[in-house]
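Peer 1: Turn this into a model:
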Amino acid sequence: MRARVIVLAGPSGAGKSRLAERIGLPILRLDDFYKSAGDPTLPLIREGANAGLVDWDDPRSWVLEDAVAAMTELCRTGHAEVPIYDIAHDGRCGVRTLDLAGGPLFVAEGIFAQEVVPVAREAGLLAAAYCVRQHPLVTFWRRLTRDLREHRKPPLVLVRRGLALLRDQRRVVDHAVALGCVPVTPEEALAASRELAAAATPR
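Peer 2: Down below sits the predicted model:
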């Protein structure tokens, strides 16, 4: 393997994307592997005020196999073709080449990042796996302000989704830990990732 992966999992709004930028390594954005709107296999919300809408928080709305293939290709060759996803339009809108430029580590982050951890560990691709967590109210507010700023969905839908995710945060963290992620704050994940990067860099 030319490289290994640091996985950043955690609830939506926990700060994974910003943390990945701060770490300073190449980033594989796993949210780009969502299915496009209109896919007949997309799961629907069955209950509550948002019933009938696509459940984008269900792993079945995302393509694990494509994400794992890209991650594996990056580890083996140092580069991979990855999709570009437009969340506002619920669909893939192109592809790009992610090149590690010879680096020994990269970050994979996303709402379903924990799902790749068992495969990555089994294949010898994993450098570390963290579940980023913050107080549920902090996560709720950061997620809502981000989604409103980016016009991801109508405001009422976003508020209802945010409240549902607020109630579900403990389960999300517990699931990530069960799959092999270490629960940490963003600052703890930053320090640990930078330490891994320093150790992997030739002197």
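Peer 1: all strands for the protein, in order.
Peer 2: With strands called from DSSP state E, the chain shows them at 4-9, 27-29, 79-86, 91-99, 105-109, 126-132, 182-184.
Peer 1: can you redo those as a markdown table with distance to residue 161 and mean pLDDT?
Peer 2: All C-beta spots, glycine's among them, are computed from the backbone N, C-alpha and C. Shown next, in a markdown table, are the strands of the chain (distance: least, C-beta to C-beta, whole Å; pLDDT from 0 to 100):
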| stretch | distance to residue 161 | mean pLDDT |
| --- | --- | --- |
| strand 4-9 | 19 | 98 |
| strand 27-29 | 20 | 97 |
| strand 79-86 | 18 | 93 |
| strand 91-99 | 19 | 91 |
| strand 105-109 | 20 | 97 |
| strand 126-132 | 19 | 97 |
| strand 182-184 | 23 | 95 |
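Peer 1: now, of those, which is deepest in the fold?
Peer 2: Comparing these by mean neighbour count (mean count of other C-beta atoms under 10 Å), strand 4-9 ranks first with a mean of 26.
Peer 1: Which among the strands of the chain is found nearest to residue 43?
Peer 2: Nearest to residue 43 among those is strand 91-99 (16.5 Å), distances taken as C-beta to C-beta.
Peer 1: Averaged pLDDT, the top helix by length along the chain. What do you get?
Peer 2: Secondary structure of the chain read by DSSP state H shows that its longest helix is helix 155-178. Here helix 155-178 scores 84 as its mean pLDDT.
Peer 1: Residue 155 against residue 148, yeah?
Peer 2: Yes: using C-beta atoms under 8 Å, residue 155 is in contact with residue 148, at 6.2 Å.
Peer 1: Same drill for the two, tell me which one is more crowded.
Peer 2: Counted by other C-beta atoms under 10 Å, residue 155 and residue 148 do not tie: residue 148 has more neighbours, with 15 against 11.
Peer 1: Surely that one touches residue 158?
Peer 2: Yes: counting by C-beta under 8 Å, residue 148 touches residue 158, with 6.2 Å between them.
Peer 1: Closest to the centroid, which residue in the protein?
Peer 2: Residue closest to the mean C-alpha point of the chain, counted by C-alpha atoms, centre = their mean, is residue 110 at 0.6 Å.
Peer 1: Let me know the pLDDT of that residue.
Peer 2: pLDDT for residue 110: 94.
Peer 1: residue contacts, the closest residue to it other than its chain neighbours?
Peer 2: Using C-beta to C-beta, 6 or more residues apart in numbering and skipping the chain neighbours, the partner closest in space to residue 110 is residue 30 (2.9 Å). Going by C-beta atoms under 8 Å, 6 or more residues apart in numbering, residue 30 touches 62, 67, 108-113, 116.
Peer 1: Dump those residues into a markdown table; add distance to residue 182 as well.
Peer 2: Listed next are these as a markdown table, based on distance: C-beta to C-beta, whole Å:
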| residue | distance to residue 182 |
| --- | --- |
| 62 | 22 |
| 67 | 20 |
| 108 | 15 |
| 109 | 15 |
| 110 | 17 |
| 111 | 18 |
| 112 | 17 |
| 113 | 13 |
| 116 | 15 |
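Peer 1: so of those residues, which ones are in helices?
Peer 2: Those of these mapping onto helices are residue 67, per DSSP H.
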